[in-house]
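> sequence and predicted structure are below.
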2 protein chains.
Amino acid sequence: MTPAAPAYRRLSVEERRSQLLDAALSLFAHRVPEDVSLDDVAEAAGVSRPLVYRYFPGGKQQLYEAALRSAAEELRHCFDEPHTGPLLPRLARALDRYLTFVARHDAGFSALLQGGSVVETSRTTAIVDGVRRAAAEHIYSHLGVAAPGSRLRMTVRMWITAVEAASLIWLDEDKQPPAEELRDWLVEQFVAVLTVTAARDPETADVVRAALATRT
Amino acid sequence: MTPAAPAYRRLSVEERRSQLLDAALSLFAHRVPEDVSLDDVAEAAGVSRPLVYRYFPGGKQQLYEAALRSAAEELRHCFDEPHTGPLLPRLARALDRYLTFVARHDAGFSALLQGGSVVETSRTTAIVDGVRRAAAEHIYSHLGVAAPGSRLRMTVRMWITAVEAASLIWLDEDKQPPAEELRDWLVEQFVAVLTVTAARDPETADVVRAALATRT
């Protein structure tokens, strides 16, 4: 007697939605959004096209934005790091998770940040900007600064943008240098640009002194 | 006897085109592209709307791209700097011209780089990327490097992106700090990130040594 085929389990609305988003995200990871159709998503998820439309009546644009929101949520979690122990290893651990995220989403990450995509809108830009702001807030909070001054804010935001640029080049160059090396290099750049600002700005100088004090 | 009104001088095609682009650029400098109509451009240039359409039959999108190309050309000229004298003052002079450009184009510059604009397309992205590449090539050439390795390239491209981010924040914060201070700060960051990379990469170490040797 052959074993019975596993019973088809009916997914809940949330499970189904999340299954479709996962399928979409894995397609966006290997192809630019323009080259992914709803048929592709249906096929990858093993469901019918009408079912994809039932969940995303706005079609590809809606699916793309929902997938992007889900990825942005995941990316925010990369920044979660306990406020204990020396500062730079905390940053290194967050960067490790971030680079793992970048490597997994690959083409989708590039397409989104490089712009010029047909599915890019002011809404997708707002989602990405929200993640950038969240990253900056995490950094201020780890630096122990409640109300960062303009010099410190500019430095942190410049570094975050530089990290994004590094990620895109990294993907473009087949993930070279290795993630651990890139991570350490980015941490060193963080210290270097903060140090430059510290020479111009007493607030940043205090922050850098405190950060160095917690270095092992 | 009142003096005769100045005779209406018939502009050449090139002059007229350039007059319309100037009018468009000055409008884009104070409003986001979405809020500039062809009527506004016609009014600012003191010509009829049909005349604007005669020069730009593709309408606003075509006018915007042409204005962008003209601005990109102007921006490339900011990077022109003789290959003589100490390196860092050369970089400072190019940054002075760049920040003057940024201040003059203001809202148009922000709208373009922040993306999400309805008039942004893969073509506008390509124009901006061309300017970024030109900036990087200028830096390599001033550093005296014909074929930069991947670490040096990544460092230079990260710094260029960070400069863009700084420009946007600077416009957002009513051009504070003053341009001279921002310029010096950016030069210091350039030295700092190159120095960090030099510790990891012998090629960059050679470049930094040579650059420091020409410092007065």
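That came through fine.
> what residues does stretch A:87-99 touch?
A:75, A:77-79, A:81-83, A:138-139, A:142-143, A:163, A:167, A:170, A:179-180, A:182-184, A:186-187, A:190-191, A:211, A:214-216 (CB atoms under 8 Å, 6 or more residues apart in numbering or on different chains). C-beta here means a position set from N, CA and C on the backbone, and glycine is covered the same way.
> what residues sit buried inside that stretch?
Neighbour-count burial for stretch A:87-99, counted by 16 or more other CB atoms under 10 Å in any protein chain shown, picks out A:87-88, A:90-95, A:97-99.
> ok, the residue nearest the centre of chain A - contacts?
Taking CA atoms, centre = their mean, the centroid of chain A lies closest to residue A:75, which sits 3.8 Å from it. By CB under 8 Å, 6+ apart, the contact set of residue A:75 is A:98, A:101, A:131.
> if you set the cut-off to 7 Å instead, what comes out?
In this structure, residue A:75 makes contact with A:101, A:131, judged by CB atoms under 7 Å, 6 or more residues apart in numbering or on different chains.
> measure it to residue A:104 for me?
Remark: distance between residue A:75 and residue A:104 (CB to CB, to the nearest Å) = 11 Å.
> quick one: distance of the lowest-mean-pLDDT helix or strand in chain A to the chain centre.
Every helix and strand in chain A was compared by mean pLDDT, DSSP states H and E; the lowest is helix A:202-213, with a mean of 88. Offset of helix A:202-213 from its chain centre (CA atoms, centre = their mean, to the nearest Å): 28 Å.
> which among the contacts of stretch A:87-99 end up buried?
Among these, those classed as buried by 16+ other CB under 10 Å are A:75, A:78-79, A:81, A:138-139, A:142-143, A:163, A:167, A:170, A:179, A:182-183, A:186-187, A:190-191, A:211.
> how about the helices in chain A?
In chain A, the helices defined using DSSP state H lie at A:13-28, A:38-45, A:49-55, A:59-78, A:87-114, A:122-143, A:150-172, A:179-198, A:202-213.
> these: which one's closest to residue B:21?
Closest to residue B:21 of the helices of chain A is helix A:122-143 (CB to CB; 25.8 Å).
> list the contacts of that closest one.
So helix A:122-143 is contacted by A:65, A:68-69, A:72, A:75-76, A:79, A:83, A:87, A:90, A:112, A:148, A:156-157, A:160, A:207, A:211, B:115-116 (CB under 7 Å, 6+ apart).
> so what's residue A:36 closest to, chain neighbours aside?
residue A:27 (4.7 Å; CB to CB, 6 or more residues apart in numbering or on different chains).
> can you name the residues that contact that neighbour?
The contact partners of residue A:27, taken as CB under 7 Å, 6+ apart, are A:36, A:40-41, A:44.
> near chain B, which residues of chain A?
A:115-116, A:120-122, A:125, A:150, A:154, A:157-158, A:161-162, A:165-166, A:169, A:173, A:176, A:185, A:188-189, A:192-193, A:195-196, A:200 (CB under 7 Å from any CB of the partner chain).
> the closest residue to residue A:49 other than its chain neighbours and residue A:26: what is the separation?
Leaving out its chain neighbours, the residue that sits closest to residue A:49 by CB to CB, 6+ apart is residue A:42, at 4.5 Å. Computed with CB to CB, the distance linking residue A:42 and residue A:26 is 14 Å.
> could you list the low-confidence segments of chain A?
Scanning chain A for pLDDT under 70 picks out A:1-9, A:115-120, A:214-216.
> switch the cut-off to 50
For chain A, the stretches flagged by pLDDT under 50 are A:1-2, A:5-6, A:116, A:216.
> what about the closest residue to residue A:145 other than its chain neighbours, how many residues nearby?
Nearest non-adjacent residue to residue A:145, counting by CB to CB, 6+ apart: residue A:207, 6.0 Å away. Applying other CB atoms under 10 Å in any protein chain shown, we find 23 residues neighbouring residue A:207.
> list the contacts of residue A:207.
Residues near residue A:207 by CB under 7 Å, 6+ apart: A:143, A:145, A:152.
> go again using 8 Å as the cut-off
Contacts of residue A:207 by CB under 8 Å, 6+ apart are A:143-145, A:152, A:194, A:198.
> cool, residue A:196 as well?
Contacts of residue A:196 by CB under 8 Å, 6+ apart are A:155, B:185, B:188-189, B:192.
> now with 7 Å?
Residue A:196 makes contact with B:188-189, B:192, according to CB under 7 Å, 6+ apart.
> same deal with residue A:28?
Contacts of residue A:28 (CB under 7 Å, 6+ apart): A:36, A:67, A:107-108.
> widest-spaced pair of the residues you listed?
A:67 and A:107 (12.9 Å).
> which of those two has more neighbours?
Between residue A:67 and residue A:107, counted using other CB under 10 Å, residue A:67 has the larger neighbour count: 25 against 17.
> the residue nearest to residue A:49: how many residues sit nearby?
18.
> now do residue A:80
10.
> could you measure from it over to residue A:141?
Residue A:80 sits 11 Å away from residue A:141 when distances are taken as CB to CB.
> so what's residue A:158 closest to, chain neighbours aside?
Nearest non-adjacent residue to residue A:158, counting by CB to CB, 6+ apart: residue B:162, 4.1 Å away.
> ok, that neighbour touching residue A:160?
No - between residue B:162 and residue A:160 there is no contact under CB atoms under 7 Å: 9.3 Å.
> neighbour count for those two, which is higher?
More crowded of residue B:162 and residue A:160, by other CB under 10 Å: residue B:162, with 26 against 19.
> contact partners for the more buried one?
Neighbour list for residue B:162: A:158, A:161-162, B:189 [criterion: CB under 7 Å, 6+ apart].
> residue A:155 too?
By CB under 7 Å, 6+ apart, residue A:155 lies in contact with A:193-194, A:197, A:204.
> next, format those as TSV and append neighbour count.
Output for the contacts of residue A:155, formatted as TSV (neighbours: other CB atoms under 10 Å in any protein chain shown):
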residue	neighbour count
A:193	25
A:194	22
A:197	25
A:204	24
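> which one of those sits closest to chain B?
Proximity of the contacts of residue A:155 to chain B was ranked by CB to the nearest CB; the top entry is residue A:193 with 5.4 Å.
> doesn't residue A:159 make contact with that closest one?
Yes - counting by CB under 7 Å, residue A:193 does reach residue A:159; the two are 5.6 Å apart.
> thanks a lot, catch you later.
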